[in-house]
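[1] The sequence isn't on hand, but the structure is:
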């Protein structure tokens, strides 16, 4: 694969990853998934940087990526501490709980409670075909069974 | 292809633009399809259409990928490897943001990280590939998984089943990717008066980035040219550590004060 095609492919992958991370960060409400999306955007930038570094035969791209890795680790530590604190206070990972931090001129987000999930993943137990003759039940056994 | 060109030509100005900007128009189409697919796949309550969204997104990926790699070149093997790695990375990234269960999201994100690590390795960045796996997948992600497992309610929480403004955010992402890819295509289509991108020569690469003593060279650059930056990064790590401890500790001490107040008052 020649160098120009390689650079183009890597830049395209970086662009798509960045776009996906953007969509995730904007749309998801779970704080941890939001942070995963932010990390995804950092990965996208790293991919582009490494590709440019190779294209210009320069170590700067890889070294900047190492610094991105460092900053990502710091960010993850602080983010985790914040998420834990917020989780302890509200009992939820939902970001909407903290919407009081918005600008005062913005309208509040009204949460529409949606109906519980349809029973799509309800467990289906296997049905056993009855075999043989049903045994005689004695009164005593039945009595015990209801009282165990 | 001729009848398509004729049909597009009869559309007037937009048709003429599409004919004259073939690859860019194709990429734009792929981006629109992908944005639509992502919108359908994002959690939107009990609304359906996730399968259709996945189908659209996959179609978009195929169209996009077909524009990236010249078909029928003699280096088909390395191109196939690159395409597979890119597909793994992008598909798992899409799964990360569309899965409702955050634990699955985190696991798909681990696959994204492995994909990018493999992409780094494909570029010859050995140290970075290893560091990504160890630091990201090994440390950061596992910590997040711990928090998820501590905090995850039974079943899918309702905030995992609805999104903020799924359509608007999918549009934002599509616009972003569209602008980037059109710029990319423009930069790489060779017009006679454009400044040409000069690819590196194989000998130069062999001497620098693709050297067999890659890690030694990287370390030498890191600790000579970028020495101050390394020191600053170390300080940053320390500051972040202190900050994380103090954020959690502040909450803890305020709770303790509250409890003491309840007890005495």
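    That came in fine, so what should we check first? None of the values given here were measured: they were computed from a predicted structure.
[2] can you pull out the helices in chain B?
    Assignment of helices within chain B using DSSP state H yields the ranges B:2-9, B:13-20, B:22-41, B:50-68, B:76-98, B:102-122, B:126-131, B:141-151, B:158-161, B:166-188, B:202-207, B:214-222, B:227-264.
[3] need these in TSV with mean neighbour count, distance to residue A:110 and mean pLDDT, can you?
    All C-beta atoms are positioned from the backbone trio N, CA, C, and that covers glycine. Output for the helices of chain B, formatted as TSV (neighbours: other Cβ atoms under 10 Å in any protein chain shown; distance: least, Cβ to Cβ, whole Å; pLDDT from 0 to 100):
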stretch	mean neighbour count	distance to residue A:110	mean pLDDT
helix B:2-9	11	45	62
helix B:13-20	13	40	67
helix B:22-41	22	21	86
helix B:50-68	18	25	86
helix B:76-98	20	24	91
helix B:102-122	22	24	92
helix B:126-131	19	45	91
helix B:141-151	16	25	78
helix B:158-161	20	14	79
helix B:166-188	20	16	88
helix B:202-207	12	57	77
helix B:214-222	15	51	88
helix B:227-264	12	29	85
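[4] Just want the most central residue of chain A.
    residue A:33 (3.4 Å; Cα atoms, centre = their mean).
[5] thought that residue was touching residue A:23?
    No - in this structure, residue A:33 is not within contact of residue A:23 by Cβ atoms under 8 Å, at 11.5 Å.
[6] Please give the number of neighbouring residues around residue A:127.
    6 (other Cβ atoms under 10 Å in any protein chain shown).
[7] So the longest helix along chain A, near chain B or not?
    Counting residues, the longest helix found in chain A (DSSP H) is helix A:60-90. Yes - with Cβ under 8 Å from any Cβ of the partner chain as the criterion, chain B is reached by helix A:60-90 at A:62-63, A:65-67, A:69-78, A:80-85, A:87-89.
[8] in chain A, which spans are helices?
    Along chain A, the stretches classed as helices by DSSP H are A:3-27, A:31-55, A:60-90, A:139-147.
[9] what helices or strands is the third one leaning on?
    With contacts defined as 3 or more Cβ pairs under 8 Å, 6 or more residues apart in numbering or on different chains; DSSP states H and E, helix A:60-90 has these neighbours: helix A:31-55, helix B:126-131, helix B:141-151, helix B:214-222, helix B:227-264.
[10] Any buried residues in it, and which?
    For helix A:60-90, the neighbour count (16 or more other Cβ atoms under 10 Å in any protein chain shown) marks A:61-70, A:72-77, A:79-87 as buried.
[11] same thing with the first one?
    Burial within helix A:3-27, assessed by neighbour count using 16+ other Cβ under 10 Å, is assigned to A:3, A:5-27.
[12] relative orientation of that helix and helix B:102-122 in degrees?
    Here the directions of helix A:3-27 and helix B:102-122 differ by 160 degrees (axes from the mean of the first three to the mean of the last three Cα atoms, to 10 degrees).
[13] Nice, that's everything, thank you.
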